[in-house]
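A.B. asks: Sequence plus the predicted model coming up.
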Amino acid sequence: MLPGGLARSYGDSCLNEGGTLLATSALDRFIAFDRDSGVIRCEAGISLAQILDLVVPAGWFLPVVPGTGHVTVGGAIANDVHGKNHHVAGSFGHHLRRFELLRSDGSRTLCSPDANAELFRATVGGLGLTGLITWAEIQLRPVTSPWFDVETIRMENLDRFFALETGARPPVLRGGTSGLSPVSEYSVAWVDALARGDAVGRGVFMRAGHAAGAPAASEPGASRWSIPFDFPAGTLNRHSVGLFNALYRSRASREWRAAREHYTKYLFPLDGIARWNRMYGARGFLQHQSVVPRADAAVKIREMLSAVAASGEASFLTVLKIFGDHEPAGLLSFARPGVTLAIDLPMRRASTLALLERLDAVVRDAGGAIYPAKDARMSAETFRAAFPEWKAFQRHIDPAFSSSFWRRVTAR
Ligand SMILES: Cc1cc2nc3c(=O)[nH]c(=O)nc-3n(C[C@H](O)[C@H](O)[C@H](O)COP(=O)(O)OP(=O)(O)OC[C@H]3O[C@@H](n4cnc5c(N)ncnc54)[C@H](O)[C@@H]3O)c2cc1C
């Protein structure tokens with residue numbers, strides 16, 4: 001068997017073909033919320049969006065959220081998810097105080113960084129294989145409003161990304177941020193993956209921070225769209241993606257722009273479009289998210305982006321971000337010091353798979369890793385090279401638990 005959350009993982013780590021999936025949708029209760037200390041305890045099937053709905057009006061925020069609010073607490077722990085603030089806050093597991101793990105022998109074990117610490121480290125990022133998390137306790141962080149101060153900066157190429165990420169502020173910013181809070185806490189760059197040559201890495205750099213002193217209670221005011229049907233095959237091609245990219249880049253038509261946005265808009269942009277995955281048509285898409293060590297990241301990221309641009313495949317959403325120097329919270333945590341690149345490719349079978357193999361080779365060569373939560377195809381060798389602790393991890397697996405992903409990457 002395998003615990004299941006909201007199935008927001010892109011590959012087969014949340015699947016268990018031929019086995020049983022333990023639905024956690026009924027584990028949907030809040031247990032305790034201390035409004036003074038910001039400690040919340042809830043069952044593992046609660047989503048991060050539900051937690052934010054409760055705690056933001058009380059002046060608290062989750063310390064780490066991924067790019068969607070529609071993931072469960074159990075899923076966030078099992079993939080040790082990261083957000084746009086990894087360089088500051090680390091990953092979800094760094095903020096867990098404790099959780100309960102129910103194993104197939106009926107035992108219930110309380111795990112924390114101090115109690116049953118090995119099982120704690122195995123379960124954080126443990127892909128649901130060590131047992132069922134029934135509830136968890138998380139330390140929240142204080143905020144004064146649901147708003148973010150957001151800066152959008154034009155990025156001409158990859159050099160500019162690294163200059164911005166290492167804190168260099170563009171000249172136009174001098175004195176331009178008065179009245180805004182420090183905005184380097186959450187950052188991410190969207191990249192035009194069709195750009196070639198000197199323009200590789202061009203795109204839009206966004207950084208943001210929790211706004212201070214804004215009114216506490218306010219509505220996001222975001223419209224909610226829905227994609228009514230699967231788009232026909234080939235809708236997302238180099239031409240349509242090129243058009244989209246040009247439009248997206250026009251967000252940064254000026255070198256720098258500042259705005260105040262609701263947290264849902266900045267942190268969860270795709271949550272405003274229900275069933276956005278239908279844009280990729282019935283064949284869907286594959287995401288390739290990798291992390292490469294910082295030392296030669298500029299070279300390796302350029303190599304991957306150039307391979308995508310030259311391939312004829314059209315990556316619709318391409319995202320770059322720096323991971324901070326935090327010790328990973330779990331034995332199999334993906335987030336580690338380095339630079340992470342995520343590429344979404346419409347599935348065109350052989351040509352798409354061939355490109356992904358090329359990207360894997362760059363990542364392997366760099367000593368990097370591919371994110372299991374986003375993977376449906378990496379080889380056993382690629383996984384094992386990037387997650388050398390997988391052998392030590394194995395002894396923590398519940399004997400009744402398995403997943404399609406685990407069988408694939410540990411097969412001989
Ligand atoms: C639009 C979008 C943006 C995303 N952005 C990011 C991002 O920025 N950063 C990031 O890290 N990830 C990101 N993700 C991936 C997502 O955060 C993870 O895949 C997350 O784990 C999904 O949670 P889920 O509740 O859907 O769990 P599922 O996908 O259903 O399961 C994920 C894993 O959790 C295990 N699991 C679930 N519940 C339990 C439980 N109670 N006990 C034990 N194990 C359990 C499952 O067995 C499985 O191994 C994104 C996904 C989407 C769709």
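C.D. replies: On my side now, so go ahead. Numbering: from 1, shown residues only.
A.B. asks: wait, what's in contact with residue 1?
C.D. replies: 16, 19-22, 104, 400-402 (CB atoms under 8 Å, 6 or more residues apart in numbering). Where you see a C-beta, it was placed from the backbone N, CA and C, and this is true even at glycine.
A.B. asks: Return a PyMOL selection command for the buried portion of those residues.
C.D. replies: In PyMOL, selecting the buried portion of those, with burial taken from 16 or more other CB atoms under 10 Å, looks like this:
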select buried, resi 16+21+401+402
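A.B. asks: Tell me which of the contacts of residue 1 fall in strands.
C.D. replies: 21-22 (DSSP state E).
A.B. asks: For residue 200, state which of the contacts of residue 1 is nearest.
C.D. replies: Checking these against residue 200 with CB to CB, the nearest one is residue 16 at 39.7 Å.
A.B. asks: residue in the stretch 101-250 of the chain nearest to the ligand?
C.D. replies: Taking CB to the nearest ligand atom, the ligand has its nearest neighbour within the stretch 101-250 of the chain at residue 128, 2.2 Å off.
A.B. asks: right, and that residue touches residue 9 too?
C.D. replies: No: Residue 128 is beyond contact range of residue 9, at 9.6 Å (criterion: CB atoms under 8 Å).
A.B. asks: How about stretch 27-41 and the ligand, touching?
C.D. replies: No: using CB under 6 Å from any ligand atom, stretch 27-41 stays clear of the ligand, with a minimum separation of 6.6 Å.
A.B. asks: gap between that stretch and the chain center?
C.D. replies: Taking CA atoms, centre = their mean, to the nearest Å, the mean C-alpha location of stretch 27-41 is offset from the chain mean by 24 Å.
A.B. asks: How about residues contacting that stretch?
C.D. replies: With contact meaning CB under 8 Å, 6+ apart, stretch 27-41 is reached by 42-46, 51, 54-55, 58-60, 74, 97, 134-142.
A.B. asks: For the helix or strand residue 76 falls within, name the packing helices and strands.
C.D. replies: Taking DSSP states H and E as the definition, one finds residue 76 inside helix 73-78. Judged by 3 or more CB pairs under 8 Å, 6 or more residues apart in numbering; DSSP states H and E, helix 73-78 is in contact with helix 48-55, strand 132-139.
A.B. asks: Quick check, central residue of this structure?
C.D. replies: Of all residues in the chain, the one closest to the mean position by CA atoms, centre = their mean is residue 66, 4.4 Å from it.
A.B. asks: Wasn't that residue part of a helix?
C.D. replies: No: using DSSP: H, G, I helix; E, B strand; the rest coil, the secondary structure at residue 66 is coil, not a helix.
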